[in-house]
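> how would this look folded up:
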Amino acid sequence: GIVVTKVCPTQPVAPGQLFTFSGSVRNTGDVMLTNIVVWNNQPTPGTTVFTVASLAPGAVTTFTGSYWVPTNNCSMTDTLGVNGQSVCGVVVGNTASATCPVITTPAIVVTTACPTNPVGQGGNLTYSGTVSNAGNVTLTNIIVVNNWPFTNIVVFTVPSLAPGATTNFTGSYVVPLNCCQAWVWVVARGQGCDGVTVSDTDSRTCTVFTSPQIVVTKVCVPTLTHTNWGRPVLLRPGDLLNYSGTVSNAGNNTLMGVTVVDNQPANNTLIISFNALAPGESQTYTGSYIVPLDFCGGDTVTASGFDVCSLALVTNSMTATCPIAPHSPRIGVSK
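Next up, the predicted model:
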């Protein structure tokens, strides 16, 4: 009879390191054994670990063996076998298995980068990134999600990633309107040994191209209806001049604190104001003033507003000349 044993190392080792185990062979029979061979199924089946020429009845001998731990292993299970032959020609054998722990440190690292050229609101922002296996064991079921502008948007998946390996990915989304800055907020997850999940987060603030712009128009109402004749006549000094127009947000950002002023009857005469004007939105306005003396019909309206992102002031002016009745210039002299 023969018996083989296996003992795991006192201190577990990590994948990629040398794994050294120990064991013993005992002659449990009553006859001398010869040509004793101990073999292992790791790293390949039938790998010879130890040989001894003979072993007397009851005798025990010890041995050690080693091999490199594969990078994908979370533990080491191997089977030792021993064969011997009695002096009488009888072949005997025995096996022993043991599962030894392996030190694993699964880790994942994700990085992100904004596009080189800023994207405008409503445009497609395409960002890039990398995901790396920073641990010592293969990661599986790797997924990268972005949490802006919505949560858990799947960006990238890969079945597995070996230790030290890195892979690239890209993601994109439409930049919301009125967005002053766009974010990239990604989370990468992967599974190590025994289903242990590791994760990493990275975020970036990406510049958004903004082009605030305001446009104002003006239309005169240069005539009034004569009460006696029932026909339109040109305005004269002292008449009420009415005008109208629109103020529009021609940019891609909301404008705040929008005002329209006229330089008649005095500079910066307020016509209309409102809190906000969204991109593409327009508002109409009307105004009036008494035609002054020495007035030839020209006046200017100015619209202004503050960009919601940069708080920069944008303005636009429109000058319109409203027809006024011809003057009758006269001069008198006396002596």
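> is Pro149 in contact with Tyr173, as I believe?
Yes. Between Pro149 and Tyr173 a contact is recorded at 6.4 Å, counting by Cβ atoms under 8 Å. All C-beta spots, glycine's among them, are computed from the backbone N, C-alpha and C.
> those two - which one has more neighbours?
In terms of neighbours (other Cβ atoms under 10 Å), Tyr173 is the more surrounded of Pro149 and Tyr173; the figures are 17 against 14.
> touching the helix or strand harbouring that one from outside, list them.
In this structure, Tyr173 is located in strand 166-174 according to DSSP states H and E. Strand 166-174 is touched from outside by 122-133, 144, 146, 148-149, 153, 155-156, 158, 161, 184, 186, with contacts defined as Cβ atoms under 8 Å, 6 or more residues apart in numbering.
> I'd like the mean pLDDT over it, please.
Average pLDDT, strand 166-174: 95.
> after that strand, which helix or strand is next?
Downstream of strand 166-174 (by DSSP H and E), the next one is strand 181-191.
> now the residue nearest the centre of the chain: how far from Gln121?
In the chain, the centroid-proximal residue (Cα atoms, centre = their mean) is Val184; its distance is 2.8 Å. Look at Val184 and Gln121: by Cβ to Cβ, to the nearest Å, they are 16 Å apart.
> and for Val216?
Using Cβ to Cβ, one obtains 22 Å as the distance from Val216 to Gln121.
> wait, what's in contact with Tyr285?
Residues in contact with Tyr285 (Cβ under 8 Å, 6+ apart) are 244-247, 260, 271-272.
> with Ile272 instead?
Contacts of Ile272 were listed using Cβ under 8 Å, 6+ apart, and they are 247, 259-260, 283, 285, 287.
> go again with 10 Å.
Each residue near Ile272 by Cβ atoms under 10 Å, 6 or more residues apart in numbering is listed here: 245, 247, 258-261, 283-287, 301, 303.
> now Phe63
4, 6, 21-25, 38, 49-52, 80, 82.
> sheet partners, orientation included, of the helix or strand encompassing it?
According to DSSP H and E, Phe63 maps onto strand 60-68. Its sheet considered, strand 60-68 pairs with strand 18-27 (antiparallel) by DSSP bridges.
> can I get the partner strand in PDB? Just the C-alpha atoms.
The C-alpha trace of strand 18-27 is given here as PDB (Å, rounded to 0.1, in the frame of the first residue of the first chain):
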ATOM      1  CA  LEU A  18       5.400  30.800  -7.800                       C
ATOM      2  CA  PHE A  19       3.100  28.400  -5.900                       C
ATOM      3  CA  THR A  20       5.100  26.000  -3.700                       C
ATOM      4  CA  PHE A  21       3.300  23.100  -2.000                       C
ATOM      5  CA  SER A  22       4.500  20.200   0.100                       C
ATOM      6  CA  GLY A  23       3.500  16.600   0.700                       C
ATOM      7  CA  SER A  24       4.500  13.200   1.800                       C
ATOM      8  CA  VAL A  25       4.600   9.600   0.600                       C
ATOM      9  CA  ARG A  26       4.100   6.700   3.000                       C
ATOM     10  CA  ASN A  27       4.600   3.000   2.500                       C
END
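> mind listing what's buried along that strand?
Going by neighbour count (16 or more other Cβ atoms under 10 Å), the buried part of strand 18-27 is 19, 21, 23-27.
> mind checking how far that strand is from the chain centre?
Strand 18-27 sits 52 Å away from the centroid of its parent chain (Cα atoms, centre = their mean, to the nearest Å).
> after that strand, next one along is what?
Downstream of strand 18-27, the next assigned helix or strand under DSSP H and E is strand 33-40.
> show me what counts as buried in that following strand.
Buried residues in strand 33-40, counted by 16+ other Cβ under 10 Å: 33, 36-40.
> helix or strand: which one has the residue nearest to Leu240 when sequence neighbours are not counted?
Distances taken as Cβ to Cβ, 6 or more residues apart in numbering place Ser288 nearest to Leu240, at 5.6 Å, with adjacent residues excluded. For Ser288, the host element (DSSP H and E) is strand 282-290.
> quick one: strands adjacent to that strand?
Short version: by DSSP bridges, strand 282-290 pairs with strand 240-249 (antiparallel).
> restricting to C-alpha, output the strand it pairs with in PDB.
Once non-C-alpha atoms are left out, strand 240-249 reads as follows in PDB (Å, rounded to 0.1, in the frame of the first residue of the first chain):
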ATOM      1  CA  LEU A 240     -48.900 110.800 -31.300                       C
ATOM      2  CA  LEU A 241     -46.500 108.500 -33.200                       C
ATOM      3  CA  ASN A 242     -47.100 104.800 -32.800                       C
ATOM      4  CA  TYR A 243     -44.700 102.000 -33.700                       C
ATOM      5  CA  SER A 244     -44.300  98.300 -33.100                       C
ATOM      6  CA  GLY A 245     -41.800  95.500 -33.600                       C
ATOM      7  CA  THR A 246     -40.400  92.200 -32.300                       C
ATOM      8  CA  VAL A 247     -37.400  91.200 -30.200                       C
ATOM      9  CA  SER A 248     -36.000  87.700 -30.900                       C
ATOM     10  CA  ASN A 249     -33.500  85.400 -29.400                       C
END
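> quick one: that strand to chain centroid distance?
How far strand 240-249 lies from its chain's middle: 46 Å, per Cα atoms, centre = their mean.
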